[in-house]
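J.: Return a 3D structure for these sequence lines:
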Amino acid sequence: IYNPFQMALDISGWVLMPWRRTVSNIPEVPPHALTSTFNDVIVDYDDPDYLPLPEYPPRPNEPLEVRKQRLLYQSRKRGMLENDLLLSTFAAKHLQDFNAEQTALYDQLINGVSNDWDIFYWATNVKPTPKEYDTEIMHLLKEHVKNAEKVTRLRQPDLYP
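T.: Predicted coordinates for the structure are as follows:
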């Protein structure tokens with residue numbers, strides 16, 4: 001009978017083996033046959049100064065109402081709670097009144113930026129907004145963030161009122 005404690009040690013050694021090999025240059029002898037990756041070559045390149053980011057695909061034939069629905073959803077699902085709250089309340093307040101040009105500017109703002117923290121820092125005036133994003137939509141967003149009406153924004157607005 002195999003000792004359960006020994007089995008747990010063997011499995012953890014097998015799981016952590018690739019990590020240990022990258023941390024130290026000392027080769028280890030595999031504890032058992034499950035370590036088939038022992039002789040693999042790990043290639044690690046230095047990160048270049050510029051990492052190419054995928055460009056957001058243009059949607060020239062998307063109807064305005066469909067675009068607004070997509071942007072409403074994307075405003076709610078940003079991946080960070082701060083922007084979820086800011087952009088979802090902003091979209092609920094302003095998006096239905098945007099014309100096609102304003103909607104395109106908002107689309108470019110939330111989908112053209114690769115880092116959501118940039119949007120947050122620009123909207124809260126922590127960092128200066130680059131010229132290509134310093135539009136009337138960004139000014140509206142900055143006013144929304146100032147919250148002159150003192151509205152409590154602890155949760156996202158309902159999709160269907």
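J.: element containing residue 85, please.
T.: helix 81-94 (DSSP states H and E).
J.: Can you name every helix or strand that that helix contacts?
T.: For helix 81-94, the packing partners by 3 or more CB pairs under 8 Å, 6 or more residues apart in numbering; DSSP states H and E come out as helix 64-76, helix 116-123, helix 136-146. Where you see a C-beta, it was placed from the backbone N, CA and C, and this is true even at glycine.
J.: can you put these in CSV and add mean pLDDT and mean neighbour count?
T.: Listed next are these as CSV, based on pLDDT from 0 to 100; neighbours: other CB atoms under 10 Å:
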stretch, mean pLDDT, mean neighbour count
helix 64-76, 93, 16
helix 116-123, 89, 18
helix 136-146, 94, 16
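J.: ok so, going back, quick check: next helix or strand after the helix holding residue 85?
T.: Helix 81-94 is succeeded, C-terminally, by helix 100-112 (DSSP H and E).
J.: CA atoms of the helix holding residue 85 as CSV?
T.: Extracted C-alpha coordinates of helix 81-94, given in CSV (Å, rounded to 0.1, in the frame of the first residue of the first chain):
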residue,chain,number,x,y,z
LEU,A,81,-15.0,47.3,-10.6
GLU,A,82,-14.0,50.9,-10.7
ASN,A,83,-14.6,51.2,-14.4
ASP,A,84,-17.6,49.0,-14.3
LEU,A,85,-19.3,51.5,-11.9
LEU,A,86,-18.1,54.6,-13.7
LEU,A,87,-18.8,53.5,-17.3
SER,A,88,-22.0,51.6,-16.6
THR,A,89,-23.6,54.6,-14.8
PHE,A,90,-22.2,57.0,-17.5
ALA,A,91,-23.6,54.8,-20.3
ALA,A,92,-27.0,54.5,-18.6
LYS,A,93,-27.1,58.3,-18.3
HIS,A,94,-25.8,59.4,-21.6
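J.: mind listing what's buried in it?
T.: Neighbour-count burial for helix 81-94 flags 83, 84, 85, 86, 87, 88, 89, 90, 91, 92, 94 (criterion: 16 or more other CB atoms under 10 Å).
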